[in-house]
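Participant: pasting the structure only:
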């Protein structure tokens with residue numbers, strides 16, 4: 001099993017969700033976060049005055065999938081989140097040792 005963590009632009013969330021559903025992913029967790037990467041922040045204008053925003057708003061997605069679904073899920077996120085602009089985000093794939101569904105005590109792939 002794999003844990004896929006993706007950091008994407010907030011306005012791409014709906015497209016990514018729909019793309020993951022089409023790829024067969026049955027659930028995901030979403031968090032609103034802020035941070036910066038190579039772009040180091042961005043300049044905003046408020047009431048005619050420019051100011052530097054050091055932390056850019058992002059969305060963090062977490063998805064647990066079987067090994068077979070990991071490739072299609074990553075491809076779905078990558079294609080749906082892509083704009084070609086700086087700050088499109090990152091995708092991280094980590095190995096998962098075990099998953100337990102609390103309600104039924106199912107384990108492993110059955111718990112996904």
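Facilitator: Everything's here; your move. Only a predicted model underlies this, so the values are computations on that prediction, with no experimental measurement involved. Residues are numbered from 1 along each chain as shown.

Participant: Is residue 90 located within a helix, as I assumed?
Facilitator: No: counting by DSSP: H, G, I helix; E, B strand; the rest coil, residue 90 falls outside a helix, being strand.

Participant: List the contacts of it.
Facilitator: Going by C-beta atoms under 8 Å, 6 or more residues apart in numbering, residue 90 touches 6, 7, 37. In this view, the C-beta of every residue, glycine as well, is placed from N, C-alpha and C.

Participant: Helices of the protein, residue ranges please.
Facilitator: Secondary structure of the chain (DSSP state H): helices at 13-23, 67-81.

Participant: Which among those is found nearest to residue 99?
Facilitator: Closest of those to residue 99 is helix 67-81, at 12.7 Å (criterion: C-beta to C-beta).

Participant: what residues does that closest one touch?
Facilitator: Taking C-beta under 8 Å, 6+ apart as the rule, helix 67-81 contacts 1-2, 4, 6, 8-9, 12, 15-16, 18-20, 22-25, 61, 63, 65, 88-89, 91, 93.

Participant: Tell me where the model's unsure across this structure.
Facilitator: For the chain, residues meeting the criterion pLDDT under 70 lie at 39-44, 46, 51.

Participant: biggest strand in it, by residue count?
Facilitator: Longest strand of the chain, by residue count under DSSP state E: strand 56-65.

Participant: Return the list of strands paired to that strand, each annotated with direction.
Facilitator: Using DSSP bridges, the strands paired with strand 56-65 are strand 2-8 (antiparallel), strand 29-35 (antiparallel).

Participant: among the contacts of helix 67-81, which ones are buried?
Facilitator: Neighbour counting over the contacts of helix 67-81 (16 or more other C-beta atoms under 10 Å) leaves 1-2, 4, 6, 8-9, 12, 15-16, 19-20, 23, 25, 61, 63, 65, 89, 91 as the buried ones.
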